[in-house]
Structure formats: structure tokens, C-alpha cells
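Engineer: Sequence and computational prediction follow.
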Amino acid sequence: MDKYDFITMILNRRDVSINDKKRGIILATQELDQRTTTSGIDENGSEKERKHAPKDTASFLSLFNDPKGFKFLTHDFDPESQMPMESFLAQVRDTFRVSARKYTIPPSLFALMDVFINGGVERKWKDAEGVSHEENYASPSWIDLAKSNPNVHLINDNSCGPTIQAFRRTIRLVKPALNDIVKNLNAKHPDFEIKTKSLERADFYTNVAYLEKGVERILKDMSQYQDFLNISITYKKDTDKRIIRITQEESKTSNIEEVLKKFKNGGGAFNEISKVLRGYCNWSVEALWDEVPKRWNILNDSDAPEVEDIDASGITGFTHVLTYYSK
């Protein structure tokens, strides 16, 4: 039994006082902080280079569809369920501990889940709208409510429900959120003429704030090229993939070798975009590079080459392709 398992066992015992349980939560949070530091975040809070595993992220997030996983973090209990909140939360914390070891997920996603499930002293999380929250499933007020109404989900409480719903919108892109995100970003770039297709159909699990950051940074980079103000953004559902294409129409680019060199030296906007999207989705760019049609696979979990030749017939400009997995 390791340190975290021991703390979890103490928290689940009925003969342990509330004050001791609160101290246990603090110790558990500190232990999780340490594990996060050794698995992708350095001592200054910056994300280190890590394995790109978007399928792992999809598998981890699919636990929100599993009643034995994370489903009831964001949904009311089934009518026939008689599971007390305390037992449910013990199950969720154990699932989180095991799955965070099993899957390689982005540190930003780990941190979001850690705070919402395990809480801690003076720890906050931000929802997809950028609103900061201090409440979580380890907050003393939530713990007291769960004890006084053991078979009633906290989502039904007027003080907890809105926060839980905000978290749900943060880990799931629900209809028509993608369309709303693009409209908001268009307001930041009024010179763009943005045409969209099927964005209102997008519905899948991801860290919505990081999806928005990625699209925002792509549009910011495109805004440097004022000769090309027509942008198209499309969404497509394809079996286990959810594909977002962002095209700056008629835009072309220079020699790909120069761009690759700059990227590998750590410079440019593409490095910033890569840090935001890493672990969440595959990311490629399709364009005419000195009139030669090529696809640059920047974040890629397959055996596809980093740069590959493609058919020119489908190229209408400089296109970013974000491919999320969904299970």
C-alpha cells in the first residue's frame, strides 16, 4: 500500500473525525501535487515535454460515460441507485488514481480533475468561460451536504448544481459550444470574414478551455496575413474522430524546410500552439509550400511521416487540421 492508498483508506473510515479527514485531504492533495510534478509539470508549474497520446486522453475522458467511472461527477444518480455520496466519491477518487497512472494525459487535464475531485487548501479551477471556482467535491460545505443527504446527488443542490454544470461544460464540448466559441473569437478579429459549417454539431469530451486556446492562437497567427481575410472553419464527425479544419483561403507559404527549422529550434507561433494542443488532439497543416502540396504532421500519434506529399485538388489555402478522438 503506497502513501496515497493509505490516505484514501483513512478518508473512507467512519471512525475518523471530520478534522482528521480534512487533514487527510490536504495530505492527499500534496501527494497528488508531487506525482504531477514527476509526471509532466516542473517545479515552477510549467509543462515539460511529454508523450503525445490523444487516444489515451480519449480513453480517460470516456470514463465520464461510465457509471463505474466519472459519469456521476456531472450527472444525477440513476433513480434506482442507493449509493451514498461518500461511497461514490471514494470510488471516483480510486478510479482517478488508477486511470491517471494507466493513461498518459495532459498535465492541464490532470490538474483540472485533481482539483475538482480532491480539492485542497486555497486551490481553484477555471471553467471553460474563464470563471474561477473554489468549490469542489472536497469542499467542507459539499462534504457536509453529502453527509446530511447521503443518497441525494449534490447536483440537485442550488449552491452546488451550477458549479457542477460549469465543470461539465469544461470537460465536454456540448452543442452548440464550438459555434459560440468561433463567434466570440471572430469578435476579436473583426477583419476576418469567417464562414462555418456544421460547428453546431460538435459534441465530444475534451478540455474545452484548451480547445478554445488552440483555435484562438491559430486565428491570431493568421491575423498577421492581412491579404487573406477569408477564413473557413468546418467540423466533421468520422467514426472515432472529431475533425476541425481551419483554412485561411488562398493563403500559401514559403519553403517548408525553413519553417521546420524554426519550429525545431523552439521559435514561432507554432510552438505555442503545439504546447496548447499536445496530448489533446493530432494537429497537421496542409498547404502549398512553394507551390508544392504537402501535409506537415506536427502532433501525430500514428506512423505517418512528419511531412508527406498530398493531392493538390483539395487545397484551397493554408489549413490547420485538428483531429480529436472520441470513445
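Structural biologist: Looks like it arrived, so ask away.
Engineer: Please make it C-alpha for all contacts and neighbour counts, starting now.
Structural biologist: OK.
Engineer: Quick check: Trp296 is in a strand.
Structural biologist: Yes: secondary structure assignment places Trp296 in a strand (DSSP: H, G, I helix; E, B strand; the rest coil).
Engineer: Count the residues that sit near Ser223.
Structural biologist: Residues lying near Ser223 (other Cα atoms under 10 Å) number 16.
Engineer: I'd guessed it sits against His189; true?
Structural biologist: Yes: at 7.4 Å, Ser223 and His189 qualify as touching, with contact defined as Cα atoms under 8 Å.
Engineer: pLDDT below threshold where in the stretch 1-150 of the chain?
Structural biologist: Residues of the stretch 1-150 of the chain meeting the criterion pLDDT under 70: 1-49, 120-122.
Engineer: Please enumerate the strands of it.
Structural biologist: Counting by DSSP state E, counting those that start in this stretch, the stretch 1-150 of the chain has strands at residues 125-126, 132-133.
Engineer: And for the stretch 151-300 of the chain?
Structural biologist: Counting by DSSP E, counting those that start in this stretch, the stretch 151-300 of the chain has strands at residues 172-173, 193-197, 204-205, 230-238, 241-249, 282-289, 292-299.
Engineer: can you redo those as a markdown table with mean pLDDT?
Structural biologist: Below are the strands of the stretch 151-300 of the chain laid out as a markdown table (pLDDT from 0 to 100):
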| stretch | mean pLDDT |
| --- | --- |
| strand 172-173 | 98 |
| strand 193-197 | 98 |
| strand 204-205 | 98 |
| strand 230-238 | 98 |
| strand 241-249 | 98 |
| strand 282-289 | 97 |
| strand 292-299 | 97 |
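Engineer: Include mean neighbour count and distance to Ala312 when you put these into CSV, please.
Structural biologist: Shown next, in CSV, are the strands of the stretch 151-300 of the chain (neighbours: other Cα atoms under 10 Å; distance: least, Cα to Cα, whole Å):
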stretch, mean neighbour count, distance to Ala312
strand 172-173, 20, 32
strand 193-197, 15, 22
strand 204-205, 23, 31
strand 230-238, 18, 18
strand 241-249, 21, 14
strand 282-289, 22, 8
strand 292-299, 20, 5
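Engineer: Using JSON lines, lay out these together with distance to Phe70.
Structural biologist: Below are the strands of the stretch 151-300 of the chain laid out as JSON lines (distance: least, Cα to Cα, whole Å):
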{"stretch": "strand 172-173", "distance to Phe70": "13"}
{"stretch": "strand 193-197", "distance to Phe70": "32"}
{"stretch": "strand 204-205", "distance to Phe70": "12"}
{"stretch": "strand 230-238", "distance to Phe70": "24"}
{"stretch": "strand 241-249", "distance to Phe70": "22"}
{"stretch": "strand 282-289", "distance to Phe70": "25"}
{"stretch": "strand 292-299", "distance to Phe70": "28"}
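Engineer: Alright, I will stop here.
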